[in-house]
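**Student:** give me the fold of what follows.
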Amino acid sequence: MGEAKTRCGWVGDDSLYQAYHDTEWGVPVHDDRVLFEFLLLEGAQAGLSWITVLRKRENYRRAFAGFDVAKVAAFGERKIAALLQDPGIIRNRLKVRSAVDNARHFIEIQREFGSFDAYIWQFVEGAPKINAWKSHSEIPATTPQSDAMSNDLKKRGFKFVGSTICYAQMQATGMVNDHTTDCFRYRFPS
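**Tutor:** Now for the predicted structure:
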């Protein structure tokens with residue numbers, strides 16, 4: 001029998017959560033489609049637990065055109081109304097509308113910077129910030145970098161991009177390594 005892996009304390013016993021932690025969380029992402037996916041999902045998560053969103057992820061992928069930002073940006077009122085009837089996603093009117101509006105702003109950033117990747121990684125000077133937390137309780141909910149990201153995104157018209165959401169995005173996409181030092185993923189998140 002294999003040796004048990006030590007994971008970050010927030011993971012627990014849920015196999016979906018474990019797979020997400022073990023293969024995705026904290027891995028540096030430079031693909032605009034994946035960055036858009038996490039921006040949309042982190043916004044949907046506001047006020048809820050991440051596992052709730054993770055369990056609906058495939059439904060979001062279907063409902064939001066595989067996270068194709070151009071397709072989502074083109075969603076009209078009829079499509080938004082249909083999404084609000086979809087039990088597979090979180091049917092919050094403000095979150096659904098913000099996903100569509102944020103897609104439009106996302107495209108504006110791509111035009112300005114060449115990619116969303118080039119824009120978003122500037123908040124950590126282009127390289128992951130490696131932290132050394134011993135326990136989950138040490139990890140902050142926000143940082144000066146997430147504050148700056150949040151403020152800039154809000155100025156550009158984005159919604160559901162508060163500093164806590166931005167920090168969660170940074171953690172999820174490997175802009176920061178917040179695996180605890182005892183976690184088997186700490187040294188090798190990519």
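
**Student:** OK, contacts around the most centrally placed residue in the chain?
**Tutor:** Most central in the chain under C-alpha atoms, centre = their mean is Phe38, positioned 3.0 Å from the mean C-alpha point. By C-beta atoms under 8 Å, 6 or more residues apart in numbering, the contact list for Phe38 reads Val29, Gln169, Ala172, Thr173. From N, CA and C alone the C-beta is placed, and that goes for glycine too.

**Student:** state the pair within these that is farthest apart.
**Tutor:** Pairwise distances among the contacts of Phe38 were taken by C-beta to C-beta; the largest, 9.7 Å, belongs to Val29 and Gln169.

**Student:** mind naming the longest helix for the protein?
**Tutor:** In the chain, taking DSSP state H as the definition, the longest helix is helix 93-113.

**Student:** show residues contacting that one.
**Tutor:** 32, 36, 39-40, 43-44, 46, 64, 69-70, 72-73, 75, 80, 83-84, 89, 116, 119, 153, 156-161.

**Student:** could you flag which of these are buried?
**Tutor:** 32, 36, 39-40, 43-44, 46, 64, 69, 72-73, 75, 83, 89, 116, 119, 153, 158-161 (16 or more other C-beta atoms under 10 Å).

**Student:** buried ones in stretch 46-59, by neighbour count?
**Tutor:** Applying 16+ other C-beta under 10 Å to stretch 46-59 flags Ala46, Trp50, Ile51, Val53, Leu54, Lys56 as buried.

**Student:** I'd say the first one and Ile165 touch.
**Tutor:** To tie it back to what came earlier, the one meant is Ala46. Yes - between Ala46 and Ile165 there is a contact at 6.0 Å, judged by C-beta atoms under 8 Å.

**Student:** run a quick neighbour tally on Ile120.
**Tutor:** By other C-beta atoms under 10 Å, the residues close to Ile120 number 26.

**Student:** now do the strands in this structure.
**Tutor:** Assigned by DSSP state E, the strands in the chain fall at 129-130, 176-177.

**Student:** could you dump the ones you listed to TSV with mean neighbour count?
**Tutor:** Listed next are those as TSV, based on neighbours: other C-beta atoms under 10 Å:
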stretch	mean neighbour count
strand 129-130	14
strand 176-177	24
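
**Student:** so which of the ones you listed is nearest Gln18?
**Tutor:** Nearest to Gln18, of all those, is strand 176-177, at 18.2 Å by C-beta to C-beta.

**Student:** what's in contact with that closest one?
**Tutor:** With C-beta under 8 Å, 6+ apart as the test, strand 176-177 has contacts from Gly26, Val124, Pro128, Lys129, Ile130, Asn131, Thr143, Gln145, Tyr167, Met170, Tyr186, Pro189.

**Student:** kindly recompute the last result at 7 Å.
**Tutor:** Here strand 176-177 makes contact (C-beta atoms under 7 Å, 6 or more residues apart in numbering) with Gly26, Val124, Pro128, Lys129, Ile130, Asn131, Met170, Pro189.

**Student:** which stretches of this protein have low pLDDT?
**Tutor:** 1-3, 188-190 (pLDDT under 70).
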